[in-house]
Every structure is written in structure tokens, then in C-alpha cells.
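*Asks:* this one's sequence-less:
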């Protein structure tokens, strides 16, 4: 991208409806084949190929080959953060008392945002981490470990010292597009997501980035963090 304002070039890439649909389909962190992305975008295979080429060329997607198959994924967590933040800008706030549509209720409740958790439960979990002093604000965009971090995160089976040695940003505040409040991204956010999956508190649903809270998970989230999350 050699445009005078690279932001404009990226916005042009994202602004085309089919390419936006492709990016949204990849916000759960998976790598998907071109055919599945074509269906998600509602375009022909030929058209999807052209869009994917532009997204790869623009640095938003990467592609990997396995045999004769090619799989596309977001080039970095920052791309997922950008899509989530744009969703917060583009989506109008709900009127107080207006429920979520049935078909999107699970997505608004808990979903994956690239490699970390998003939605109401994720925002409430982040708030619970803050209130229990497991994390605390550092500047406007990041979290750092709080005084209760060792006890709290070790109780979840997380090694925060190892996470601090990661090359990626440790704990980033990611604006949730449905809740308009921050949830945790970065190395810590990814580790929390992976750990809740491993503990069996959260389970993936097929063909969607919405996540299901298990009966065990609902009980543990309420007992440990005071979060009401129906299984």
C-alpha cells in the first residue's frame, strides 16, 4: 500500500461488502477455505478469489497451503481488533429494554473475537477480574497484572509469568462491539479463552463464532466471579 494515507487504503479494502463479510467470517480465528468464504460472502468462487487476493495483498489476510487446498486467516490479532472496533462504531446501541433478536442472542452473549472472548459474558468477566484486583488499568489501551493476579489466575491454571515472556502484547483492552465496553485481548485474553475451553466451561458451536456455556461453566462462573451465565 503506497497511498498517501494507508488508513484510506485499508478502509477501502474493508468497506466492500463481500470483503467485509469475509473478514467477519474469519473473526473467530479459524483458517477457512475459499469456497466456505465465498458462501459466507454470498459471491461466486471467482469473485471470492479476487477479493481474497486483494485482502492478502493488503496485509489483512494470510494464506497457507495444505496439499491442493488453500486456507485463509487473519494476518494478525490486530486485524481482528480493528474489525471488532469498527463493529462498535457501525452498530447502533439498542434502546433500553429491547431484547436481542433470537438469531443473534448467543452471539451477543458469548463469542470468539479472533483468539479471545467477546460478548456480555466476556465483558463481565473482565470487569470481575478488575474488581478482584487480578488486573488493573495501564494507560488507556492496556491492562497489567494486579496484586491478586497470582492467586486468581493460578486458580484457573494459568502461568502469567510465562505469558509475560510472550512476544505479543500482554493484555490489551479490546472494545466489544455489542457491549461497548472492553474485554481482554492479547496473550492473557487468548490464554483465558483456551483455558476455559480446556476446563470444559465453554464449548464451540459449529459454523458460528458464538460459544456455548456448559452447565459446569455456568456454575463456576457464578461461584467464582458472580456472573450469571445460563448453560
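*Replies:* On my side now, so go ahead. Here the structure is a predicted model, which is why all the values come from computation and not from measurement.

*Asks:* wait, what's in contact with residue 27?
*Replies:* 74, 80, 83, 84, 112, 113, 114, 209 (Cβ atoms under 8 Å, 6 or more residues apart in numbering). In this view, the C-beta of every residue, glycine as well, is placed from N, C-alpha and C.

*Asks:* Now, those residues that are in helices?
*Replies:* When helices are assigned by DSSP state H, the members of the contacts of residue 27 inside them are 80, 83, 84.

*Asks:* how much space between the closest residue in space to residue 54 that isn't next to it in sequence and residue 50?
*Replies:* For residue 54, the nearest residue in space outside its immediate sequence neighbours is residue 13; the separation is 6.2 Å by Cβ to Cβ, 6 or more residues apart in numbering. In this view, residue 13 and residue 50 are 12 Å apart by Cβ to Cβ, to the nearest Å.

*Asks:* the domain parsing of this protein - what is it?
*Replies:* 6-75, 94-225 (automatic domain parsing).

*Asks:* quick one: which of the ones in helices among the contacts of residue 27 is nearest residue 165?
*Replies:* residue 80 (22.6 Å; Cβ to Cβ).

*Asks:* how many neighbours does that closest one have?
*Replies:* When neighbours are defined as other Cβ atoms under 10 Å, residue 80 has 24 of them.

*Asks:* Could you verify my assumption that it touches residue 113?
*Replies:* Yes: at 6.1 Å, residue 80 counts as touching residue 113 under the criterion of Cβ atoms under 8 Å.

*Asks:* Please point out which parts of the helix or strand bottoming out on mean pLDDT in the chain sit buried.
*Replies:* Sorted by mean pLDDT, DSSP states H and E, the helices and strands of the chain end with helix 77-90, the least confident at a mean of 78. Neighbour-count burial for helix 77-90 flags 77, 79, 80, 81, 82, 83, 84, 86, 87, 88 (criterion: 16 or more other Cβ atoms under 10 Å).

*Asks:* Could you work out the most separated pair of those?
*Replies:* It's 77 and 88 that sit farthest apart of those, by Cβ to Cβ, at 16.7 Å.

*Asks:* coming back round to it: would you reformat the domains of the chain as JSON lines and include mean pLDDT?
*Replies:* Below are these laid out as JSON lines (pLDDT from 0 to 100):
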{"stretch": "domain 6-75", "mean pLDDT": "89"}
{"stretch": "domain 94-225", "mean pLDDT": "89"}
